[in-house]
Every structure is written in C-alpha cells, then in structure tokens.
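S.K.: Sequence first, predicted model second:
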Amino acid sequence: MGGRHLKPFLSVYGHVSIDKIISVKDFPRLNTSINVLSKKTNMGGTASNISYVAATLGVPTMLCAFIGKDFPQEYRKRLKEAGVMTSGMIETEYGTSEALVVNDRNFDQKVLFYQGPQGWASKLEIDLSKYAKGSEYVHFSTGEPDYYISQMEKLKEIPYIAFDPAQEIHEIWDRERFNRALALSNIFFCNEHESVSAEKYTGGTLDEIKKHLVVRTDGPEGSRAFIDGKRVDIPAVKPDKVVDTTGAGDAFRAGFYAAKYRKYGTEEALVIAAATSSFVIEAYGAVENVPTWDMVMERAEDYLRRI
C-alpha cells in the first residue's frame, strides 16, 4: 500500500492530472472540424505517470505534487494500491490539472493543458521538499520553474537530481531559469523536440552539457545518452503494437529508476527504460498497460546482450 515504505528511493515532482485522450485521422485545419475516432479519460500527468509505473516496478516512490479537491478518489486509490507514497500529494483549493491530448494516425500529438495548482505552486507557500528528503533520486518534471528551482536548492544533499521540463521547456521556461535549474541538477532528460530549446538556452549542443547523465529520447529511433560525457546509443525496444504514445517518455524514466534501484549500470538501465516504455504504448492511456518487472526484463533480455 501507499505507506509501506518509510523512505523513498525516488521522489517525483510534476503534474497530477486528468487526461482526456482523443484520436483523429488528421489534425483539423484552422476553422474546420473533423470526426473523433476514439476518446478516453485517464489518470495522467508527468508525476503520477512516473510514480505509478516506478512503484508498480517495485521502486519506493514519493509523489510530490499539488492537486484539487476534484481529483477523483478512484485515482487516489490506484496510486496507493500501486505502492506510491502519497503523503506529498497535497490537496489545494484550485482545480486539478487537465490535459486534452489529441493523437493523429502518425502518433503525433497536440496538447491543450490546464496547469492547475502545479503551475503556480509558489503562491501556495507549501514546501514539498520535506517529503523528498532522504531520496537517492529526485525527479523534477513539469511545473512552475521558480518553485522547482527553490526546491532544488533545498535538496542539494540528494545524490541525484534530474531535471526534465518536458514540453513546458518551450513556453514556461526561459534561458535564465533553465540554466539555473540545470546547474542544480546532474541528470537531464529531453526528447528530440525539447532538445532544440535546451540547446537554444545553453548556446551549445547536448554533448556540451557537462552532467553525469544527459538523455534524449527519439521515439521509434531509440535514444542517445551522454554518460559522464561519453555518447551511448540505445535502440528502441519493439512493442507488440502501437496504440497510443501518451506517457511513453514517463514510462522510460520510471523504467530507468527501477533499474537503478536494482543496481544496474547506467547503460543497462537505459535499455531497461526503453523496454518499459514499449509496453505502455500498446494501450490507450499512460498507465493502462504497465508491465511487471519480470515482463520488462523478458523483453529487454535480447537488447541487454548487445551492450
């Protein structure tokens, strides 16, 4: 249950949201309408996705996030049953974050997002860092930049701080805040689209970001990583089918932490991360097809032999 671990190995900051996922053949042109092929509502958000998958894979995980009174009890129950520590998930007067995710037939995405309390966390004047104390890894994903920078400063004693602003890197973060957060972290995650903004803010290429680990995921092309400056290319792990890519990156992060919890090396952990990600894209929703650890390792086995 949610309180069975006294000390987290991983703490995750980010949104906990209600995701409404829509599939269409093609995105509509301006001032036109199209038919929706399917729609579904699921628990989502970067923090809940990463926490849920990591905890399901056996990682003692603390969720550090703000929600509204409208957050469904069903979702709270799911998180706790997965083993997520939810004492750091604080209810506020604001409405819970919501995402409208539109996927086309090529699995490209457009997202409309209501920030909710995570987007203006500083106004709440609530310090979540006390819940993350003692973690081996603290992962900062989507949310208000100034609040996250202040939390990173309070958690300097944590061995590994990961900075992962996701799609918000383009809009909410700016050069000054991005570089402050980067200086306070030793792991950086992004995808091929987000890397463009990262390189714009730093004025250099990803390989010039001198961190313990820099990871860029490229969807079906796999991922590239710089481990203490050394480049490593990680292949994508083939899924049985592709239904919905929502949450693939979050599952990748969770799989990485699950491997590190079990003392795997960084390159091996990235392969295991890719294997974890390959499961969630086989169903609609970020946490609707979460594998067990044994399932992940069975799928990762052949890929691990190649490194």
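M.R.: Perfect, thanks for sending it.

S.K.: Quick check: V214 vs Y114, distance?
M.R.: 31 Å (Cβ to Cβ, to the nearest Å). Backbone N, C-alpha and C define where each C-beta goes, glycine included.

S.K.: The two: which is more packed in?
M.R.: Shown here are V214 and Y114; by other Cβ atoms under 10 Å, V214 has more neighbours (25 against 15).

S.K.: Confirm that that one sits in a helix.
M.R.: No - V214 sits outside any helix when classified using DSSP: H, G, I helix; E, B strand; the rest coil, being strand.

S.K.: what are the bridge partners for it, then?
M.R.: Note on V214: beta-bridge partners by DSSP bridges are F188, F226.

S.K.: ok, it to E268 distance?
M.R.: For V214, the distance to E268 - Cβ to Cβ - is 17 Å.

S.K.: just F27 next, same as before
M.R.: Computed as Cβ to Cβ, the F27 to E268 distance reads 38 Å.

S.K.: the more surrounded of those two?
M.R.: E268 (18 against 15).

S.K.: Packing partners of the helix or strand where the more buried one lies?
M.R.: In the assignment (DSSP states H and E), E268 maps to helix 266-280. For helix 266-280, the elements it packs on are strand 223-227, strand 230-234, helix 248-261, helix 293-304, judged by 3 or more Cβ pairs under 8 Å, 6 or more residues apart in numbering; DSSP states H and E.

S.K.: hmm, 10 Å instead?
M.R.: helix 46-56, strand 213-217, strand 223-227, strand 230-234, helix 248-261, helix 293-304 (3 or more Cβ pairs under 10 Å, 6 or more residues apart in numbering; DSSP states H and E).

S.K.: mind listing the strands in this structure by residue range?
M.R.: Per DSSP state E, the chain carries strands over the ranges 10-13, 17-23, 38-44, 61-68, 89-92, 97-103, 109-114, 137-140, 160-163, 187-191, 213-217, 223-227, 230-234.

S.K.: any chance of these in TSV, with mean pLDDT and distance to D174 too?
M.R.: Shown next, in TSV, are those (pLDDT from 0 to 100; distance: least, Cβ to Cβ, whole Å):
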stretch	mean pLDDT	distance to D174
strand 10-13	98	19
strand 17-23	91	23
strand 38-44	91	26
strand 61-68	98	22
strand 89-92	97	25
strand 97-103	92	21
strand 109-114	91	18
strand 137-140	98	16
strand 160-163	98	14
strand 187-191	98	16
strand 213-217	98	20
strand 223-227	97	24
strand 230-234	97	28
